[in-house]
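Participant: Turn this into a model:
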Amino acid sequence: MRRSLARSCPSPPSQHQLDRGSRRPSIMRTARSCLTLAMSLVSLVLTTTPAMAFFNAGVCRQFGTLQPFRPPQPTLSVSARRAAVVMMSDLDRAAKLRQEAEKLEQELKAVQASRPKPVVTEEKPAGPTPRYLSFEQLKAEVEQAMASSAVVDTALKQLKESGALTKFESGSAKGFRRYSAEQFEQATGFPPQDVESGGTQDDLKWALGAVMAASSLAVVGGGFLGGFAGTLLVYLFLLIPITFIGIGSVAPGVISVFVVLVSNLLDGKAAERKTTHQAARFLTGYLLGLPIESVKTDAEGGTTFIKYYDTMDGNFKDLGAQAAAGPGPEPRKKFGQEDILGHAVLAIAGSVAERMEYGKVIDRQADFLYLVALMDLVRPSLRAGQKNDLVLYSALTAHKLLTANKGKLERLAEKMAAKASLAEIVAVMES
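Facilitator: Numbering: from 1, shown residues only. This is a model prediction of the structure:
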């Protein structure tokens, strides 16, 4: 009975059996983990490009009919596909719009580059407030200023600072540029030879031609008369061209003076020409702010004669004395071309005014001797072509100033002919 009960009731497991039972689940879990890791490694190797290519190539060689392995492609729904199509079309339109915008930007830059750049002018400091005075008031103020200052230029500058003078120093001769003879004639209406020194040479040529013509007629007349009277006439008239050529080769200035005297006698307007000449010199010098040396009445014509200094630094003789007292071999102070532009305009203004008023310039030799002396001051020395360009520029600048103030030029000539004082002449310029 006891044996049957013992058989029917299982005995409790021993400690060894308990240990073996507890190890089985842990072994299974470890094996399962290793298998999972191995499968992951195989999957990773197969999904890489070289491994996948090797695997596909091996499969194809082995079986021949198998297709290369391709990773599964994600499937999109209809709405997702439509959204993708719309997105691609939007991207295409955006790219086209970007290209059009870049093209428009390039065209805009090209248009802006072709447009002239705006000229930016520096703002000049505000000058004195002008005081509009009558003729008599201006005359009184100028007389008072000149009485208190021994230097005319200083008195005029003080009046300008007070606002009484507005025309003084209002012009400019700066900004030299070259002009051709055609441009000069187009701007002035007459060729440059009419006011250049070449015009004097033309007068001498005409004088020589007249002497030769008279001598030829004398020879013809002597042959026509015959006898002693004809021979004497021929010898007497032969002395004329011989004397003309002899004096002209030794002292051509004497011939020029003779030609001027004869031309003035034939013209009959020598006094008017001289007054206009002096008025033009004063007008241009006043507008350019050149320093005045003296004011006096011409003893011959009875006109007011206003003399300017030869340069901004004084007369030629003063410059020579200053250079002689200082170091260096140069006999005179050196000037740049811009330094003499104002006085170059002054030198030729009288000849330009004569050509404008009377159609011809008779006496221009003194003006060009002064202009040549001015150009000799420039260092480095000017070449012949540069001197000619400077003469054209000076003449054209003088023509512009005289044309813009033609009415004042006529009134100045009248006042100077009436022996007016400097105060009256300045009042004419400013009124």
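
Participant: how far away is Glu196 from Ala353?
Facilitator: Taking CB to CB, to the nearest Å as the measure, Glu196 falls 15 Å from Ala353. Every C-beta, even on glycine, is put in place using the N, C-alpha and C of the backbone.

Participant: These two: who's more crowded?
Facilitator: Taking neighbours as other CB atoms under 10 Å, Glu196 and Ala353 compare with Ala353 leading, 27 against 22.

Participant: Helices along the stretch 51-200 of the chain, start to end?
Facilitator: For the stretch 51-200 of the chain, applying DSSP state H, counting those that start in this stretch gives helices covering 78-114, 135-148, 152-161, 181-188, 198-225.

Participant: which one of these has the most crowded surroundings?
Facilitator: Highest mean neighbour count among the helices of the stretch 51-200 of the chain (mean count of other CB atoms under 10 Å): helix 152-161, with a mean of 18.

Participant: what inclination does that helix have with respect to helix 135-148?
Facilitator: 130 degrees (axes from the mean of the first three to the mean of the last three CA atoms, to 10 degrees).

Participant: where does the stretch 151-300 of the chain dip in pLDDT?
Facilitator: Residue ranges of the stretch 151-300 of the chain with pLDDT under 70: 197-208, 214, 218-219, 221-223, 225, 248, 252-267, 298-300.

Participant: Next, give phi and psi for Val195.
Facilitator: phi -120, psi -10 (degrees, to the nearest 10).

Participant: what about it, distance to Gly189?
Facilitator: Val195 is 12 Å from Gly189, by CB to CB.

Participant: Compare the two (neighbour count), which wins?
Facilitator: Comparing Val195 with Gly189 by other CB under 10 Å, the one with more neighbours is Val195, at 30 against 11.

Participant: Ala395 is in contact with the more buried one, correct?
Facilitator: Yes - counting by CB atoms under 8 Å, Val195 does reach Ala395; the two are 5.4 Å apart.

Participant: Quick check: neighbours shared by those two?
Facilitator: Taking CB atoms under 8 Å, 6 or more residues apart in numbering as the contact rule, Val195 and Ala395 both touch Ile348, Ser351, Val352.

Participant: For these, give me JSON lines that also has secondary structure and pLDDT.
Facilitator: Formatted as JSON lines, the shared contacts of Val195 and Ala395 follow (DSSP: H, G, I helix; E, B strand; the rest coil; pLDDT from 0 to 100):
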{"residue": "Ile348", "secondary structure": "helix", "pLDDT": "95"}
{"residue": "Ser351", "secondary structure": "helix", "pLDDT": "92"}
{"residue": "Val352", "secondary structure": "helix", "pLDDT": "94"}
